[in-house]
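> sharing a sequence plus its predicted fold:
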Amino acid sequence: MNWDDTTDAEAAAERLVGAAADGEDQAVEAALRPKDLGEFIGQEKVREQLDLVLRAARARGATADHVLLSGAPGLGKTTLSMIIAAEMEAPIRITSGPAIQHAGDLAAILSSLQEGEVLFLDEIHRMSRPAEEMLYMAMEDFRVDVIVGKGPGATAIPLELPPFTLVGATTRAGLLPPPLRDRFGFTAHMEFYGPAELERVIHRSAGLLDVEIDPTGAAEIAGRSRGTPRIANRLLRRVRDYAQVKADGLITQEIAAAALAVYEVDARGLDRLDRGVLEALLKLFGGGPVGLSTLAVAVGEERETVEEVAEPFLVREGLLARTPRGRVATPAAWAHLGLTPPRPQSSGNGQPDLFGA
Ligand SMILES: Nc1ncnc2c1ncn2[C@@H]1O[C@H](COP(=O)(O)OP(=O)(O)OP(=O)(O)O)[C@@H](O)[C@H]1O
């Protein structure tokens, strides 16, 4: 998903299954965040490696190496940065790439850091170029050159910085210029979570929110959470409301399924937009191939919304394929919507042409 575009992120945030944080998420997430590595669920490799990095730094009495976290929104990057600070018993400062448009903005932050402090820079790939270049030197030499004056009379005044740990977060590490990427001592890629891990996230959050849930209820919510703890927590809150109003408060499989049917989140985590795209593709275009623009007109959405908000999950789920000839539904898409694909046409070579031409 192209999370560089704020509009897409905003559009997605309005969806119950959007991975970007909405206002309510921000209000409750602080209470739900695991506080140390032991509490952090899943991402075993990342946890194990990070644990070593932090233990070694502590044993040396040194500041931890800079850490780059990459992965989709809502997988726990902010949470991990806070855990890094907690494990290092260091304060944390949180900012983001888009908030740093001038090198001066970054110089102001860097020069006010305390020794050992963790600086969390979310969406680091969206920082301005001059700020990025200042960051190179700050990360490597704990020094910045502050430029005073303009034109030929400008002078660079070196400013020593206390050692600090930069934790950068990005949705796509590939977007970072190699000189920046190379300055991180440890890079971790966060994966989507499996159902069992999401169930653990849901049970843990239910405990903290004082919500009663049985294992079947947690499994039902986990299956619809698109591999993302933030979505799991958000669905849990909506199901809790339903359980309180329509039942005795206990979340079972039946209650979770009924609640999420009200919110139009289906058994696989598809919402109205996702299903609209799939239905148009199957019912109007026989499963494709069809061009993106045509598909977007058919569902009454902007091209970008279909491409950047709906399609990434459909592709990830193996329901839709992007081919040079256009968008094509996979056999799993037909099965998911309970529809029968048209009879395969012969491609003239004796082999059935599964998707038709
Ligand atoms: N491994 C985990 N175990 C338990 N809860 C988790 C885990 N990862 C994330 N969460 C929960 O999901 C919520 C979202 O996590 P977080 O804000 O850290 O995601 P993020 O990757 O930083 O998202 P963004 O890219 O949008 O900033 C948090 O409130 C946290 O409670």
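Received it, and whenever you're ready, just let me know what you need. This is a predicted model, so every value here is computed, not measured. Residues are numbered from 1 along each chain as shown.

> sticking with the closest residue to Leu180 other than its chain neighbours, tell me its helix or strand.
In space, and not counting its chain neighbours, Leu180 is closest to Glu132: 6.1 Å by CB to CB, 6 or more residues apart in numbering. Placement of C-beta: from N, CA and C, glycine included. Assigned by DSSP states H and E, Glu132 falls within helix 129-141.

> next secondary structure after that helix?
Proceeding N to C from helix 129-141, the next assigned helix or strand is strand 143-148, under DSSP H and E.

> Tyr29 touches Arg230, doesn't it?
Careful, residue 29 is Glu and not Tyr. Yes. With the criterion set as CB atoms under 8 Å, Glu29 and Arg230 qualify as a contacting pair; they are 7.5 Å apart.

> give me the common contacts of the two.
When contacts are counted by CB atoms under 8 Å, 6 or more residues apart in numbering, Glu29 and Arg230 are jointly contacted by Ala21.

> so where is this protein shaky, pLDDT-wise?
Low-confidence regions of the chain, defined by pLDDT under 70, span residues 1-14, 344-357.

> for the residue lying closest to Arg238 once chain neighbours are set aside, grab the count of nearby residues.
Of all residues not flanking Arg238 in the chain, Tyr263 sits nearest, at 5.8 Å (CB to CB, 6+ apart). Neighbouring residues of Tyr263 were enumerated by other CB atoms under 10 Å; the total is 18.

> now do the contacts for Tyr263.
Contact partners of Tyr263, counting by CB under 8 Å, 6+ apart, are Leu16, Leu235, Arg238, Asp271.

> rewinding a little: neighbour-wise, which of Glu29 and Arg230 wins?
Taking other CB under 10 Å, Glu29 and Arg230 do not tie; Arg230 has more neighbours (25 against 17).

> separation between the residue of the stretch 51-200 of the chain found nearest the ligand and Gly223?
With CB to the nearest ligand atom, the shortest gap between the stretch 51-200 of the chain and the ligand falls at Gly76, namely 2.7 Å. Shown here: Gly76 relative to Gly223, a distance of 20 Å by CB to CB, to the nearest Å.

> returning to what we had before: confirm for me that the residue of the stretch 51-200 of the chain closest to the ligand is in contact with Glu39.
No. Assessed by CB under 8 Å, Gly76 is found out of contact with Glu39, at 11.1 Å.

> from Arg230, how far off is Val265?
According to CB to CB, Val265 stands 14 Å off from Arg230.

> sorry, back to before: next, the residue of the stretch 51-200 of the chain closest to the ligand: phi, psi?
Recorded main-chain torsions at Gly76 are phi 110, psi 20, according to degrees, to the nearest 10.

> do the same with Phe184
phi -90, psi 130.

> surely it touches Leu69?
No. Between Phe184 and Leu69 there is no contact, the gap being 9.4 Å when judged by CB under 8 Å.

> which of those two has more neighbours?
Set side by side, Phe184 and Leu69 show more neighbours around Leu69, with 29 against 20, by other CB under 10 Å.
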